[in-house]
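In: attaching a predicted model along with its sequence, questions to come.
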Amino acid sequence: MQPTIESSRLGRALISAGVSCTVLAMVVLNMPDSRLKSYLMKPVAPYVQVVGLGQDWGVFAPPRSISLQVESHIEYADGTTTVVRLPRRPGIQAYADYRWRKFEERLRLDVNRRLWAPYARFLVDRARAAGRTPVRVSLVRRWAESRPPGPGPERDSWREFTFYTVRVG
């Protein structure tokens, strides 16, 4: 049986020192900004860099000031119309549909117009699989200014713009 580092007195001391340094570094990193934190960061910063504990919360975007949606309006040969929205479930269930939310963010942008025709074809194929005969698909951007938390409505009235339309042959 091969000896492990924790089987010796020196090994246990090194492990304890490493855990203690890590806990100390985490405490200093999470202190509110102050002179004390600035003072303690001088010796802690090299350790934080070496072990990769540094977290920069700057990667998180500020809250959005606008709510966005993409709707698809499908017109059928019988004269009816269906509005299709990308999946959007509340709470923990939202994680199951998150890929659709990211797709929606990209789909609405003019720089991603290469996505519009394939998505319209996807909708046409789904409609045909359900026994319907689509004749036109329109993609519509919807947006509204978000309001701050508190009493009153969550957002202003929705505005919309049809950004892509295709006739189905």
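Out: Sure, I can see it. This is a predicted model, so every value here is computed, not measured. Numbers count the residues shown, from 1 in each chain.
In: in this protein, which spans are strands?
Out: 66-76, 81-85, 134-145, 159-167 (DSSP state E).
In: show me what counts as buried in the longest one.
Out: What it means is strand 134-145. Pro134, Arg136, Val137, Ser138, Leu139, Val140, Arg141, Trp143, Ala144 (16 or more other CB atoms under 10 Å). Where C-beta positions appear, they are placed from N, C-alpha and C, glycine not excepted.
In: how about the last one?
Out: By neighbour count, with 16+ other CB under 10 Å as the criterion, the buried positions of strand 159-167 are Phe163, Tyr164, Val166.
In: any idea how far it is from the chain center?
Out: 25 Å (CA atoms, centre = their mean, to the nearest Å).
In: per the annotation, how does this protein divide into domains?
Out: The record assigns the chain these domain ranges, following automatic domain parsing: 5-57, 66-167.
In: least reliable of those going by mean pLDDT?
Out: Averaged per stretch, pLDDT over the domains of the chain is lowest on domain 5-57, reaching a mean of 88.
In: next one: that one to chain centre, how far?
Out: 31 Å.
In: tell me who's in contact with Thr82.
Out: Listed by CB atoms under 8 Å, 6 or more residues apart in numbering, the contact partners of Thr82 are His73, Ile74, Tyr76, Ala127.
In: I'd guessed the second one sits against Tyr119; true?
Out: No - the pair formed by Ile74 and Tyr119 falls short of the contact definition of CB atoms under 8 Å, at 11.8 Å.
In: pick out whichever of those two has more residues nearby.
Out: Neighbour totals were compared for Ile74 and Tyr119, and Ile74 leads with 21 against 17 (other CB atoms under 10 Å).
In: and the gap between the more buried one and Val124?
Out: Remark: distance between Ile74 and Val124 (CB to CB, to the nearest Å) = 8 Å.
In: please apply the same query to Glu154.
Out: 33 Å.
In: cool, Leu29 as well?
Out: For Leu29, the distance to Val124 (CB to CB) stands at 53 Å.
In: mind checking which of these two has more residues around it?
Out: More neighbours surround Val124 than the other of Leu29 and Val124, with 19 against 16 (other CB under 10 Å).
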